[in-house]
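Participant: Structure, please.
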Amino acid sequence: MGSYTRKWAAIATGIFLALAFQLALSWYRVNRGYGNEPAGYALDPGTVQDYDITDRQWTPLGDTAMILFQTGNLGHIHISLKEPLKEDTAVVLYFQENPDSQFDRFRRICRYMMRGTREADLTVLPGPWQSFRLEIRGDFSPEKITLIPAADPSSVSAAT
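Facilitator: Down below sits the predicted model:
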């Protein structure tokens, strides 16, 4: 009878831990702006550098192709493409607290969009970031790049 009780206790503990993990993950995603898409706004880059833009097709011209922009309280970036990607593409987001300083390789997020991707979300780490550098290292046709602000942690509730 003891092993039977231990099995059920282990199963109940596993289910509880899975639910707690899911709750923590949901809270984090809502805090970073998920579910608030209507509150987003289109990217208005301060500087687009080293991209060849021909017929709405963006092609990087070297290793330093980037989109620079400044905003505060960013939760995530939603990328919508007019055409699916033709090849796997790296997406790198650098972030800084001070807009006047250089971007640091230790303050970045690197993700990949697989061939055939039309939409992607890039979550921004929590912090007092003001300046961003977005690099999409491949050919793409953007339909819209939307910046979704992070929600105020005090506004996140179970009803949300």
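Participant: So which residues of the chain form helices?
Facilitator: Under the criterion DSSP state H, helices of the chain are mapped to 2-31.
Participant: In it, where is pLDDT below threshold?
Facilitator: 1, 31-39, 152-160 (pLDDT under 70).
Participant: This structure: strands as residue ranges?
Facilitator: In the chain, the segments counted as strands under DSSP state E are 41-42, 47-49, 51-54, 57-60, 66-70, 74-81, 89-96, 108-113, 119-123, 131-137, 142-149.
Participant: Could you point out which of those strands sits nearest Gly14?
Facilitator: For Gly14, the closest of those is strand 119-123, at 27.0 Å, according to C-beta to C-beta. Yep, even glycine has a C-beta here, placed from its N, CA and C like the rest.
Participant: just checking, what packs against the closest one?
Facilitator: Taking 3 or more C-beta pairs under 8 Å, 6 or more residues apart in numbering; DSSP states H and E as contact, the helices and strands that strand 119-123 lies on are strand 74-81, strand 89-96, strand 108-113.
Participant: JSON lines for the ones you listed, including mean neighbour count and distance to Thr13?
Facilitator: Compiled in JSON lines, the helices and strands packed on strand 119-123 are given as follows (neighbours: other C-beta atoms under 10 Å; distance: least, C-beta to C-beta, whole Å):
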{"stretch": "strand 74-81", "mean neighbour count": "20", "distance to Thr13": "33"}
{"stretch": "strand 89-96", "mean neighbour count": "19", "distance to Thr13": "37"}
{"stretch": "strand 108-113", "mean neighbour count": "15", "distance to Thr13": "33"}
